[in-house]
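Colleague: No sequence on hand, only this structure:
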């Protein structure tokens with residue numbers, strides 16, 4: 001595929017990049033490629049747009065060393081050779097269990113290490129609108145709050161020098177598949193994508209098609225629109241929580257002022273308490289722990305929660321909430 005190639009998909013991504021200011025001109029870009037249709041579509045589109053944006057592009061892959069992936073890294077290396085793009089490979093140095101969360105953790109760590117070592121400032125992944133809808137449903141069923149429902153966003157700052165970008169969030173999985181078929185891209189058929197032992201696969205293979213057939217053919221589009229709306233709400237909520245936190249937090253005693261908290265609405269009380277617990281427990285609290293501490297706002301002096309974590313409790317003392325050892 002030569003540099004002169006141009007299609008509606010190229011024009012669509014080109015316009016989206018400009019409208020959302022996702023990846024500036026002359027950026028150093030590392031594209032994560034799994035071998036599947038979404039990441040191959042992203043890589044090919046970006047390479048075709050490279051001359052318009054003056055990007056420096058390379059491709060990276062993390063080999064989990066799973067039996068079903070045997071030959072995959074060589075397959076991607078050949079694609080990169082054919083396309084004339086630099087390829088970086090990272091391989092698992094220890095056994096990774098075939099679990100979604102664990103695999104994702106190791107994969108992102110490896111990709112970030114590559115990007116850091118070779119001075120890339122943008123890491124691109126091929127997540128699509130379909131992925132965003134599935135993540136929304138998955139986190140909704142797990143009882144996640146607004147943070148979980150908006151987890152898959154266009155951009156996320158990883159550190160001072162590296163930003164994660166998902167340029168295909170307006171494309172569906174069907175569209176990336178059509179692109180790969182049209183341009184005869186050598187897609188690797190991942191057997192793990194058909195494994196129903198993974199919750200996300202069951203959502204993709206069973207639940208989404210059922211919802212499309214029985215309830216709403218545009219379910220993916222509408223869920224992602226909801227995620228966009230919630231994302232804007234979340235931005236405001238975080239800014240306001242930061243402002244209110246400073247009003248109710250006693251830096252000297254590392255405590256929360258009950259009288260000031262009573263002036264604040266319940267949704268911000270919960271957010272402030274959550275941030276306070278994260279700060280003191282070094283762990284994300286669950287809903288029950290947050291609610292237990294929120295109840296202390298109206299409680300008498302020396303009222304305490306049950307154990308929050310290990311031997312720590314929250315207690316009201318001198319009209320302030322503090323964390324102490326039990």
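Modeller: Sure, I can see it. The structure presented is a predicted model; accordingly, all values stated were derived computationally and were not measured. Numbers count the residues shown, from 1 in each chain.

Colleague: and the next element down the chain from the strand or helix carrying residue 256?
Modeller: If you go by DSSP states H and E, residue 256 is part of strand 255-257. Helices and strands here follow DSSP H and E; after strand 255-257, the next one along the chain is helix 258-261.

Colleague: got the residue ranges for the strands in the chain?
Modeller: Listed in chain order, the strands of the chain (DSSP state E) span 28-32, 56-63, 86-91, 122-124, 155-159, 162-165, 249-250, 255-257, 312-317, 320-325.

Colleague: Which neighbours in the sheet does the last one have, and how are they oriented?
Modeller: Think strand 320-325. As defined by DSSP bridges, the strand partners of strand 320-325 come to strand 255-257 (antiparallel), strand 312-317 (antiparallel).

Colleague: Deepest in the core, which of those strands is it.
Modeller: Across those, averaging neighbours per residue (mean count of other Cβ atoms under 10 Å) puts strand 255-257 on top, at a mean of 22. No exception for glycine: its C-beta is placed from N, CA and C like everyone else's.

Colleague: next one: it to chain centre, how far?
Modeller: 32 Å (Cα atoms, centre = their mean, to the nearest Å).

Colleague: give the contact list for the residue nearest to residue 69 when sequence neighbours are not counted.
Modeller: The shortest distance from residue 69 to any non-neighbouring residue, by Cβ to Cβ, 6 or more residues apart in numbering, is to residue 63 (6.5 Å). Counting by Cβ atoms under 8 Å, 6 or more residues apart in numbering, residue 63 makes contact with 69, 72-73, 89-92.

Colleague: quick one: residue 63 and residue 185, what's the gap?
Modeller: According to Cβ to Cβ, to the nearest Å, residue 63 stands 20 Å off from residue 185.

Colleague: For residue 160, grab the count of nearby residues.
Modeller: With neighbours defined by other Cβ atoms under 10 Å, the count for residue 160 comes to 7.

Colleague: What separation do you get for it and residue 9?
Modeller: Here residue 160 is placed at a distance of 33 Å from residue 9 (Cβ to Cβ).

Colleague: Residue 84 now?
Modeller: Distance of residue 84 to residue 9, given as Cβ to Cβ: 21 Å.

Colleague: neighbour-wise, which of these two wins?
Modeller: Legend: neighbour count by other Cβ under 10 Å for residue 84 and residue 9, higher for residue 9 (20 against 7).

Colleague: pLDDT value on the more buried one, please?
Modeller: Per-residue confidence (pLDDT) for residue 9: 97.

Colleague: Wait, it touches residue 177, no?
Modeller: No - counting by Cβ atoms under 8 Å, residue 9 sits too far from residue 177 to count as a contact (11.8 Å).

Colleague: burial measure for residue 211, as a count.
Modeller: When neighbours are defined as other Cβ under 10 Å, residue 211 has 17 of them.

Colleague: quick one: contacts for the residue sitting nearest the centre point of the chain?
Modeller: Nearest to the mean C-alpha position of the chain, by Cα atoms, centre = their mean, lies residue 152 at 4.1 Å. Listed by Cβ under 8 Å, 6+ apart, the contact partners of residue 152 are 127, 131-132, 135-136, 166, 169, 227.

Colleague: Which positions in the longest helix seen in the chain come out as buried?
Modeller: As assigned by DSSP state H, the longest helix anywhere in the chain is helix 219-248. Neighbour counts over helix 219-248 (16 or more other Cβ atoms under 10 Å) mark 219-220, 223-224, 227, 230-231, 234, 237, 241, 244-245, 248 as buried.

Colleague: now for it, which elements pack on it?
Modeller: Helix 219-248 is packed against helix 129-141, helix 146-149, helix 208-214, helix 258-261, helix 266-281, with contacts defined by 3 or more Cβ pairs under 8 Å, 6 or more residues apart in numbering; DSSP states H and E.

Colleague: what mean pLDDT would you report for the second one?
Modeller: To tie it back to what came earlier, the one meant is helix 146-149. Helix 146-149 carries an average pLDDT of 91.

Colleague: what do you get for the third one?
Modeller: Along helix 208-214, the predicted local confidence has a mean pLDDT of 97.

Colleague: before we move on, back to that, widest-spaced pair of the contacts of residue 152?
Modeller: Largest separation among the contacts of residue 152 by Cβ to Cβ: 136 and 166, giving 14.1 Å.

Colleague: does residue 5 really touch residue 48, like I thought?
Modeller: Yes - look at residue 5 against residue 48 with Cβ under 8 Å: they come within range, at 5.3 Å.

Colleague: Looking at those two, which is more packed in?
Modeller: Comparing residue 5 with residue 48 by other Cβ under 10 Å, the one with more neighbours is residue 48, at 21 against 12.

Colleague: so how far is residue 190 from the more buried one?
Modeller: Separation of residue 48 from residue 190 (Cβ to Cβ): 24 Å.

Colleague: same question, residue 121
Modeller: On the measure of Cβ to Cβ, residue 121 and residue 190 end up 29 Å apart.

Colleague: Could you report the separation of residue 122 from residue 303?
Modeller: For residue 122 relative to residue 303 (Cβ to Cβ), the value is 50 Å.

Colleague: With residue 47 instead?
Modeller: Using Cβ to Cβ, we find residue 47 at a distance of 62 Å from residue 303.
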